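Peer 1: Sequence unavailable; structure follows:
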């Protein structure tokens, strides 16, 4: 039997990080889940995450778990909440610091730790382990707010995309429909995207124009924030 | 010597809550600070806060500390971040879950725990204990975002106020100046405020009209969120 060798004058909670990973398949917002291989909640799906090491910040811990469980490195992550109900984990008191990540779906390969990682469309997510249903709701709410202030498409779309794909992304995140012309106008207004000399089908008459993000302006808007209204 | 009687298989961090309390004096945004009576950072100013009990959520802990240190009950508080740098507290590893509160300045009386609690204008805050300078910057940033989505004035203003006071509050939070007519138009557009049959000076010719928040509509907008653009 292993010793409980870390002792304190007052009781201490355990602290974990969890990471809600969003991707976009061109139509729907997707979330990456891991099937739990051990109790508690064995067989249930959950976010990649785990216990924080004592020598790392929560952000470092979240990035480490992401790497170990999904193979992802260098993802954009942002903290959006800390979940602390005393009984949220049956093992002991565990407080979790939650992040969301925005990634390109095709970049995710399996990591070392995860037996099973799978993308689920947001409207097709099963009942999750622990309080992860609540964590997911809050992650989506934060992403919806965030999109008004910071560009988030660069992390979610491929390098070249059509205006329709960009609009679909915004519609998927905000769960509303936009007028096609107004949407394009707003996007071009911020110089967020640059139209390329390429189309989806070089010879087709009704081929769609391709765009890429204007990286310099994108980073500047991301740093300073902006106000995107529809 | 007291025993370290709470033992774990893995090291555990300590967890605290801290609360950034915002008030408004009619001109400037203010923040309530407590002068620390003990080491570390004895004599420095800090936010009210303290160690989380094992049977309370972080929100319950933050509200308890608020009550003990400032006498405040029933304040509106919202979590805005968790601060976890491994060396942020010289005593041991301490992770803090940070909230901000919006209160009416006149409601704050001294509590039991705090030797010294004092309001500081935001541009007059001294260097704070721990990483509280950073926590304050992030709290202000969050409040600035929040004001676009949720009405926050009700918590900060007295029951009756002039349109100029409301405008000053928004200007103080956002650190920009508004056109007087446009501002009033936007506020009335959302039915957020109701004009009263009273003025600041019953007989004066240039007396200002008084308003109060339309509580029902205010609560509805707060629940659903709204989009406030300037």
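Peer 2: Arrived safely, thanks for sending. Since the model is a prediction, treat every value here as computed from it, not as a measurement. Numbering: from 1, shown residues only, chains lettered A, B, ... in the order given.
Peer 1: Count residues in the vicinity of residue A:13, would you?
Peer 2: 20 (other Cβ atoms under 10 Å in any protein chain shown). C-beta coordinates here come from the backbone N, C-alpha and C atoms, glycine included.
Peer 1: excluding its backbone neighbours, what's nearest it?
Peer 2: residue A:93 (4.3 Å; Cβ to Cβ, 6 or more residues apart in numbering or on different chains).
Peer 1: do the same with residue A:174
Peer 2: Nearest non-adjacent residue to residue A:174, counting by Cβ to Cβ, 6+ apart: residue A:144, 5.9 Å away.
Peer 1: And the one you found, what's its pLDDT?
Peer 2: Per-residue pLDDT puts residue A:144 at 87.
Peer 1: any residues touching the one helix or strand it maps to, and which ones?
Peer 2: For residue A:144, the host element (DSSP states H and E) is helix A:132-146. Contacts with helix A:132-146, where a contact means Cβ atoms under 8 Å, 6 or more residues apart in numbering or on different chains, come from A:18, A:20, A:22, A:29, A:31, A:45-47, A:78, A:80-81, A:83, A:96, A:98, A:100, A:122, A:125, A:127-128, A:152, A:173-175, B:145, B:149.
Peer 1: gap between the helix or strand just after it and the chain center?
Peer 2: Moving toward the C-terminus from helix A:132-146, the next helix or strand (DSSP H and E) is helix A:153-156. The chain centroid and the centroid of helix A:153-156 are separated by 10 Å under Cα atoms, centre = their mean, to the nearest Å.
Peer 1: What strands line up against the helix or strand that comes right after helix A:153-156, and which way round?
Peer 2: For helix A:153-156, the succeeding helix or strand toward the C-terminus, using DSSP H and E, is strand A:161-162. Strand A:161-162 has its sheet partners listed here by DSSP bridges as strand A:209-213 (antiparallel).
Peer 1: Would you list the buried entries among the contacts of helix A:132-146?
Peer 2: Those of those that meet the buried threshold are A:18, A:20, A:22, A:29, A:31, A:45-47, A:78, A:80-81, A:83, A:96, A:98, A:100, A:128, A:152, A:173, B:149, by 16 or more other Cβ atoms under 10 Å in any protein chain shown.
Peer 1: In strands, which of these fall?
Peer 2: Among the buried ones among the contacts of helix A:132-146, DSSP state E puts A:18, A:20, A:22, A:29, A:31, A:45-46, A:78, A:80-81, A:83, A:96, A:98, A:100 in strands.
Peer 1: filter those residues down to the ones near chain B?
Peer 2: Contacts with chain B within these, counted by Cβ under 8 Å from any Cβ of the partner chain: residue A:81.
Peer 1: how about a markdown table for the ones in strands among the buried ones among the contacts of helix A:132-146, with pLDDT added?
Peer 2: Shown next, in a markdown table, are those (pLDDT from 0 to 100):
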| residue | pLDDT |
| --- | --- |
| A:18 | 98 |
| A:20 | 98 |
| A:22 | 96 |
| A:29 | 94 |
| A:31 | 96 |
| A:45 | 97 |
| A:46 | 97 |
| A:78 | 94 |
| A:80 | 96 |
| A:81 | 97 |
| A:83 | 98 |
| A:96 | 98 |
| A:98 | 98 |
| A:100 | 97 |
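Peer 1: circling back: any idea of the angle the helix holding residue A:144 forms with helix B:132-146?
Peer 2: Relative orientation of helix A:132-146 with respect to helix B:132-146: 80 degrees, computed using axes from the mean of the first three to the mean of the last three Cα atoms, to 10 degrees.
Peer 1: so where's chain A uncertain?
Peer 2: Within chain A, the segments meeting pLDDT under 70 span A:1-2, A:109-115, A:202-206, A:222-230.
Peer 1: mind listing the helices for it?
Peer 2: For chain A, helices defined by DSSP state H occupy the ranges A:58-70, A:132-146, A:153-156, A:163-174, A:180-189, A:215-224.
Peer 1: No more questions from me, cheers.
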